[in-house]
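>>> Take a look and give me a structure for this.
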Amino acid sequence: MRAARRGPVIAVTMGDPGGIGPEVAVRVSSMPAVRRACRPVVVGDISVLRKCADLLRARVTFAEAPGIAQPPLAAGAVPVVNPWKPIRRHRWGVVRAEYGAAAMAYVRFAARAALDGRADGLVTAPICKEAIHLAGYRFQGHTDYLARLTGAREHAMMLTGRGLSVVLVTIHVAISGVSRLVTRRSVLRAIRLAHAASRRMGVRRPRVAVCGLNPHAGEAGAFGREEIEAISPAVRDAAREGIDARGPFPSDTLFVPASRAGFDIVVAMYHDQGLIPLKMLAFDRGVNVTLGLPIVKTSPDHGTAFDIAGRGIADPGSMAEAMLLAARLCAGRAR
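Predicted coordinates for the structure are as follows:
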């Protein structure tokens, strides 16, 4: 396959070596649409990638490259850069501290490449939280770690797919801890980031819908006061800043297509409130975007899927959409 000569350089981390990350990275690297849109450089272990390519009989070759923005020795091959030690005795579907350390090393290297301009954007394949904790990391996932690496003060997770985009006020938090984190400040931050993300994706005047936290959006305080004390004040603050934000709305009706037709993006208070409807619509095509970072970063909306790793059946659709969206966001940043 002829390598792409134009388009942004996208650093693609391989993810946890025992999961489906290497498989979906191989699949998207062979997709003509992806190769036309960008120049992928995989950050990971070349022996694992070649093992996947053989498993999938993929029409793509990988070659080691001396650096993130430097071509490999083999013309037309997808460059691979490994900032970590080689994976020995590789196995699918296992949780290992070694794999967690490798996955985080890939993320760290790729993020720094995006920060210093060697890469234009970053796409991360799934990591395993248990494995990274075994390796000594105390982050809950990519989002927290990248915020620390890049010095981002305000960040949020956005999932987007099939016409729906959702920004989360809280992410990986126990339900029992959500209420104390839903504050006027945190909701306003999410509204601002949602507004900016919509503009970045081409919406000139974004309309932001904000979910309530409690059933029926609190029913005027009957089911909780978060809407009165935090969410409504944040919506008013955003309106004073010129952001077209409305709400809070009951989440059990807001996500009905007829209800959200008047909005471009939704702010949800917690993980499942926003992501259950998103994944019902776009499980195979959803993309995770980390907002508020000084770099472009996307990822597929699925996890490591250890139960199917190494079987050659992982759906690459979400990873492909993550690559294509990253390329579009990079192009928008260049304008």
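>>> how far does the helix or strand Ala190 falls within sit from the chain's center?
When elements are assigned from DSSP states H and E, Ala190 belongs to helix 184-200. Between the centre of helix 184-200 and the centre of its host chain there is 17 Å, according to Cα atoms, centre = their mean, to the nearest Å.
>>> Stretch 192-203 too?
Averaging C-alpha positions (Cα atoms, centre = their mean) puts stretch 192-203 16 Å from its chain's average.
>>> same check, this time on stretch 227-244
Stretch 227-244 has its C-alpha centroid displaced from the chain centroid by 27 Å (Cα atoms, centre = their mean).
>>> ok, back up a step: taking the mean pLDDT, what do you get for the helix or strand that the helix holding Ala190 is followed by?
Scanning forward in sequence from helix 184-200, with DSSP H and E defining helices and strands, the next element found is strand 207-211. Predicted confidence along strand 207-211 averages 97 (mean pLDDT).
>>> strands paired with strand 207-211, and their directions?
Taking DSSP bridges as the criterion, strand 207-211 pairs within the sheet with strand 244-249 (parallel), strand 265-268 (parallel).
>>> on that earlier part again, which positions in the helix holding Ala190 come out as buried?
When burial is assessed from 16 or more other Cβ atoms under 10 Å, helix 184-200 yields the following buried residues: 184, 186-195, 197-198, 200. C-beta coordinates here come from the backbone N, C-alpha and C atoms, glycine included.
>>> And the helix or strand of the chain with the lowest mean pLDDT, what's buried?
Comparing helices and strands within the chain by mean pLDDT, DSSP states H and E singles out helix 257-260 as the least confident, with a mean of 82. Within helix 257-260, the residues that count as buried by 16+ other Cβ under 10 Å are Arg260.
>>> could you pull out the strands for the stretch 1-150 of the chain?
Using DSSP state E, counting those that start in this stretch, the strands found in the stretch 1-150 of the chain span residues 9-13, 39-43, 62-64, 78-81, 121-124.
>>> Distance of the nearest residue to Val26 once chain neighbours are set aside relative to Arg59?
Nearest in space to Val26, with sequence neighbours left out and distances taken as Cβ to Cβ, 6 or more residues apart in numbering, is Cys52 at 4.4 Å. From Cys52 across to Arg59, the span is 13 Å (Cβ to Cβ, to the nearest Å).
>>> Alpha carbons only: can I get stretch 175-186 in PDB?
What follows is stretch 175-186, C-alpha atoms only, in PDB (Å, rounded to 0.1, in the frame of the first residue of the first chain):
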ATOM      1  CA  ILE A 175     -22.400   7.200  42.100                       C
ATOM      2  CA  SER A 176     -22.200   8.000  45.800                       C
ATOM      3  CA  GLY A 177     -19.600  10.600  45.100                       C
ATOM      4  CA  VAL A 178     -21.200  12.400  42.200                       C
ATOM      5  CA  SER A 179     -23.300  14.900  44.000                       C
ATOM      6  CA  ARG A 180     -20.400  16.600  45.900                       C
ATOM      7  CA  LEU A 181     -18.600  17.000  42.600                       C
ATOM      8  CA  VAL A 182     -21.500  18.600  40.800                       C
ATOM      9  CA  THR A 183     -20.800  22.200  41.600                       C
ATOM     10  CA  ARG A 184     -21.500  25.600  40.000                       C
ATOM     11  CA  ARG A 185     -17.900  25.700  39.000                       C
ATOM     12  CA  SER A 186     -17.600  22.200  37.600                       C
END
